[in-house]
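Asker: Could you work out the structure for the sequence below:
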Amino acid sequence: MTDLDDFDRRLLALLRIDGRRSNADLAAEIGLSPSACLRRLRALEQSGVIRGYTAIVADPQDEGVVALVRITLEKQTEDYLRRFEAAVREHPEIDECYLMTGDVDYILRARAPTTAAYEQIHNGVLSRLPGVARIHSSIAIRDVLRQPDRRAAPRGPRPAPR
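Answerer: Below you'll find the predicted structure:
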């Protein structure tokens, strides 16, 4: 499902703000019947547009060490990128990975319970990822701002109910 209409975009914007909002509330907000809204929601889930729901946990004790890791590859060929990305997906210590423009090829976020555990991730996982030429890690000192994606729902007249 790649063709998102205004109803889908509004539904996604509302779910970014509150993923636990009831179907009845979502339907009323975007101007659809609850059954039509639920069909759209299920279609977005089944197509992979909605990949899951999550909770933002406030307890910093659960964080441990958060490392932002800048990776430069030996080459930027399609094969190198594909192999690197496939390998990253195999490691639960890495919870985010972004292909970048600029000076580095990827930025990753890795978590570990301690700095010693992060050192093991650095030496045993990151340095062994295929095609890695350079690794630069920065350890987060504290969490200043973390919030869900709060892009506003599209403004303007609501579409007519279907």
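Asker: Give me the buried positions along stretch 102-111.
Answerer: Going by neighbour count (16 or more other Cβ atoms under 10 Å), the buried part of stretch 102-111 is Val104, Asp105, Tyr106, Ile107, Leu108, Ala110, Arg111. (Each C-beta comes from the backbone N, C-alpha and C, glycine too.)
Asker: try stretch 35-46
Answerer: Cys37, Arg40, Leu41, Leu44.
Asker: Now for the last one: which residues touch it?
Answerer: What it means is Leu44. Met1, Asp8, Leu11, Leu12, Ile50 (Cβ atoms under 8 Å, 6 or more residues apart in numbering).
Asker: Pull out the buried residues from the residues you listed.
Answerer: Asp8, Leu11, Leu12, Ile50.
Asker: Distance from the chain centre to the one helix or strand the third one maps to, please.
Answerer: Under DSSP states H and E, the secondary-structure element containing Leu12 is helix 6-17. The gap between where helix 6-17 is centred and where its chain is centred comes out at 16 Å by Cα atoms, centre = their mean, to the nearest Å.
Asker: what kind of secondary structure is the residue sitting nearest the centre point of the chain in?
Answerer: Geometric centre of the chain, nearest residue: Glu96, 6.6 Å, by Cα atoms, centre = their mean. Secondary structure, DSSP: H, G, I helix; E, B strand; the rest coil: Glu96 is strand.
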